[in-house]
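Participant: need coordinates for the following:
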Amino acid sequence: MSGPEGRGPELPDGVFRTDAETVDAHRLDRSGWVPEGRPFGVALAESVADVRAVLRYAHATGTPVVTRGAGTGLSGGAGATDGSIVLDVSRMNRITEISAVDQLAVVEPGVITADLDRAAGAYGLRYAPDPASVAISTIGGNIATNAGGLRCAKYGVTRDSVLALDVVLADGELISTGHRTVKDVTGYDLTGLFTGSEGTLGVVVGATVKLRPVPAATATVAAYFDDVASAAAAVNAISAAGLQPSVAELLDAATLAAVEEVTGPDPRRAGRAAGAFLLIQADGSAAEAEARQIHAVLAAHHAQVFTAGDDAEAARLLDVRRRALPALERRGRALIEDIAVPRSRLAEAVEEIQRIAKTHAVPVFTMAHAADGNLHPIIVVERATGTDSGTDSDSGGGAQGAPDGDLGANVWAAADAIFTMALGLGGTLTGEHGIGVLKRKWLADDLGERNLDLQRRLRAVFDPTGILNPGKAV
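Facilitator: Okay, here's the model as predicted:
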């Protein structure tokens, strides 16, 4: 094997590969962004020692390193840039400890999120973060992007469940942050800093994460509204009533229609059109009583409301939300955006997204984690029909962001308008997917120049030679 200095990192046989098949399988993440050039090789790390060897080599030779788990990222953060080493940690997939007493698990970064949740279930516990990619995403990737998910309404995002980390720094040094304790305020919060850093500060090789008791009961309520504004108002009314559901998911009419093309409409709607779909779950010992209160709040906002009678019906209703993205991907290439606004401005944001879609003549489908104001406006582009508009990578992705060819100036103009709108409402560019490469253009608008400069200087402290995921995040 040969690399930038005529050799590759010193690793066991079969761990470092440069063959085209392996390289091609590790070039892209789920965002669809296509980097220029090709990576130098792929390190299929199986141990902390492998990771340290790769980073020592990269540090000495100035070789870029792009860390990768399952490749489910949606912002281009795991796209492999030219001449880089892809550090694949998916083989580091062991759950080394589950403690029922301390309610925690110690895991390697390649553990699949759903596998951890199932393993914890044997102890009467669960891992609360529940991203839509739970069946395929890894804990390490979730930590890298500070992933959220359906249960974030009550249990927060990944950072809220990470107690401690083992991290290999850019020069190959191994450090540990945090503790196994519930409370820890010693020094700066390096654990929180690494969580959400998108592979730019170090490589997570181990994590101690918080587990929670499996709820005594879960109750599921679904509601159909005439319009999104009514659904958003109902969500705010639930919060105002002092209720805290674990799940509060909103689909606009276009997204619901796409799902129903696959599943068929809910027969209980009796032919009534729906302008929005809202799924609410309550959990805990008082789940049923809380669900009855939620039902009453929704009904007061002129919704058709249904309560799941058993677990099978609850699963079917939850499946409406989980099928949304696959249903949209059937229609074409889905650009999955991720903004957050104050909860009080959720309806305003959705209505503005609909206006932007009409203005720029692009189809936009919106789903939201409604209880925390995190929206996913998804632009769907028919495959192989992009226009030749001459956009470039500085326009938010451009030709380099599109495996199907140039997406067209109107698509990126719509994306720009959506991000600008979110910031104008007091929101942010991303609630859970990260910046990657696709949102860097708008970073200064969100953070401010001084804040952005401080973050870049902080990054340089951890990675002075700039080898960790260059060109990504800040």
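
Participant: number of nearby residues for residue 264?
Facilitator: Using other CB atoms under 10 Å, the number of residues around residue 264 comes to 8. Every C-beta, even on glycine, is put in place using the N, C-alpha and C of the backbone.

Participant: likewise for the one 10 residues further on?
Facilitator: If you count neighbours by other CB under 10 Å, residue 274 ends up with 23.

Participant: run through the bridge partners of residue 335.
Facilitator: Using DSSP bridges, the bridge partners assigned to residue 335 are residue 379.

Participant: test my guess that it contacts residue 411.
Facilitator: Yes - using CB atoms under 8 Å, residue 335 is in contact with residue 411, at 7.2 Å.

Participant: common neighbours of these two, please.
Facilitator: By CB atoms under 8 Å, 6 or more residues apart in numbering, residue 335 and residue 411 have these common neighbours: 379, 381.

Participant: who has more neighbours, those two?
Facilitator: Shown here are residue 335 and residue 411; by other CB under 10 Å, residue 411 has more neighbours (29 against 25).

Participant: contacting residues for that one?
Facilitator: So residue 411 contacts 335, 360, 362, 379, 381, 386 (CB under 8 Å, 6+ apart).

Participant: could you dump the residues you listed to JSON lines with distance to residue 204?
Facilitator: Output for the contacts of residue 411, formatted as JSON lines (distance: CB to CB, whole Å):
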{"residue": "335", "distance to residue 204": "28"}
{"residue": "360", "distance to residue 204": "39"}
{"residue": "362", "distance to residue 204": "37"}
{"residue": "379", "distance to residue 204": "31"}
{"residue": "381", "distance to residue 204": "34"}
{"residue": "386", "distance to residue 204": "36"}
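
Participant: of those, closest to residue 237?
Facilitator: Minimum distance to residue 237 across the contacts of residue 411 is 30.4 Å, recorded for residue 379 (CB to CB).

Participant: quick one: the closest one and residue 328 touch, right?
Facilitator: No - in this structure, residue 379 is not within contact of residue 328 by CB under 8 Å, at 9.6 Å.

Participant: these two: who's more crowded?
Facilitator: More crowded of residue 379 and residue 328, by other CB under 10 Å: residue 379, with 26 against 22.

Participant: OK, contacts around that one?
Facilitator: Shown in contact with residue 379 (CB under 8 Å, 6+ apart): 334-335, 337, 362-364, 411, 414-415.

Participant: rerun that using 7 Å as the cut-off
Facilitator: By CB atoms under 7 Å, 6 or more residues apart in numbering, the residues touching residue 379 are 335, 362-364, 411, 414-415.

Participant: with residue 232 instead?
Facilitator: Here residue 232 is in contact with 346-347, 350, 370 (CB under 7 Å, 6+ apart).

Participant: tell me which of those residues is nearest to residue 78?
Facilitator: Comparing these against residue 78 with CB to CB places residue 370 closest, at 28.3 Å.

Participant: what comes into contact with the lowest-mean-pLDDT helix or strand in the chain?
Facilitator: Lowest by mean pLDDT, DSSP states H and E among the helices and strands of the chain is strand 333-336, with a mean of 86. Residues outside strand 333-336 that contact it (CB under 7 Å, 6+ apart) are 32, 74, 325, 328, 376, 378-381, 383, 404.

Participant: what ranges of the stretch 201-350 of the chain fall below the confidence cut-off?
Facilitator: When residues are selected by pLDDT under 70, those of the stretch 201-350 of the chain lie in 271.

Participant: which residues in it form helices?
Facilitator: Listed in chain order, the helices of the stretch 201-350 of the chain (DSSP state H, counting those that start in this stretch) span 228-240, 253-263, 287-300, 311-322, 324-329, 346-360.

Participant: so which of those is nearest residue 61?
Facilitator: Among the helices of the stretch 201-350 of the chain, the nearest to residue 61 by CB to CB is helix 324-329 (39.0 Å).

Participant: show me which residues of that closest one are buried.
Facilitator: 324-325, 327-328 (16 or more other CB atoms under 10 Å).

Participant: again with stretch 467-474
Facilitator: Neighbour-count burial for stretch 467-474 [16+ other CB under 10 Å]: 467-469, 471-474.

Participant: same check, this time on stretch 188-199
Facilitator: Residues of stretch 188-199 classed as buried by neighbour count (16+ other CB under 10 Å): 190-199.

Participant: among those, which are in helices?
Facilitator: With helices defined by DSSP state H, the entries of the buried residues of stretch 188-199 inside them are 190-194.

Participant: including pLDDT and distance to residue 287, could the buried residues of stretch 188-199 go into TSV?
Facilitator: Shown next, in TSV, are the buried residues of stretch 188-199 (pLDDT from 0 to 100; distance: CB to CB, whole Å):
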residue	pLDDT	distance to residue 287
190	98	37
191	98	32
192	97	31
193	98	36
194	98	35
195	98	30
196	96	31
197	97	36
198	97	36
199	96	38
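
Participant: quick one: the helices in the stretch 351-474 of the chain, in order.
Facilitator: 409-424, 443-447, 449-462.

Participant: returning to that earlier point: out of the helices of the stretch 201-350 of the chain, which comes closest to residue 103?
Facilitator: With respect to residue 103, and counting by CB to CB, the nearest of the helices of the stretch 201-350 of the chain is helix 287-300 at 20.3 Å.

Participant: phi first, then psi, for residue 142.
Facilitator: Here is the backbone geometry of residue 142 (degrees, to the nearest 10): phi -60, psi -40.

Participant: what about the closest residue to residue 190 other than its chain neighbours, how many residues nearby?
Facilitator: Leaving aside its sequence neighbours, residue 190 sits nearest to residue 177 (CB to CB, 6 or more residues apart in numbering; 4.2 Å). Residues near residue 177, counting by other CB under 10 Å, number 23.

Participant: what's the distance between the helix or strand hosting residue 177 and the middle of its chain?
Facilitator: Taking DSSP states H and E as the criterion, residue 177 maps to strand 174-178. On the basis of CA atoms, centre = their mean, to the nearest Å, strand 174-178 sits 24 Å off its chain's mean C-alpha point.

Participant: so which of the contacts of residue 232 is the closest to residue 161?
Facilitator: residue 370 (21.2 Å).

Participant: and the closest one, how close does it get to residue 153?
Facilitator: Going from residue 370 to residue 153 by CB to CB, to the nearest Å gives 8 Å.

Participant: the more surrounded of those two?
Facilitator: residue 370 (31 against 24).

Participant: who's in contact with the more buried one?
Facilitator: Residues in contact with residue 370 (CB under 7 Å, 6+ apart) are 232, 235, 248-250, 278, 346.

Participant: if we use 6 Å, what do you get?
Facilitator: By CB atoms under 6 Å, 6 or more residues apart in numbering, residue 370 lies in contact with 235, 248, 250.

Participant: need those residues in CSV (columns: distance to residue 438).
Facilitator: Shown next, in CSV, are these (distance: CB to CB, whole Å):
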residue, distance to residue 438
235, 28
248, 27
250, 24
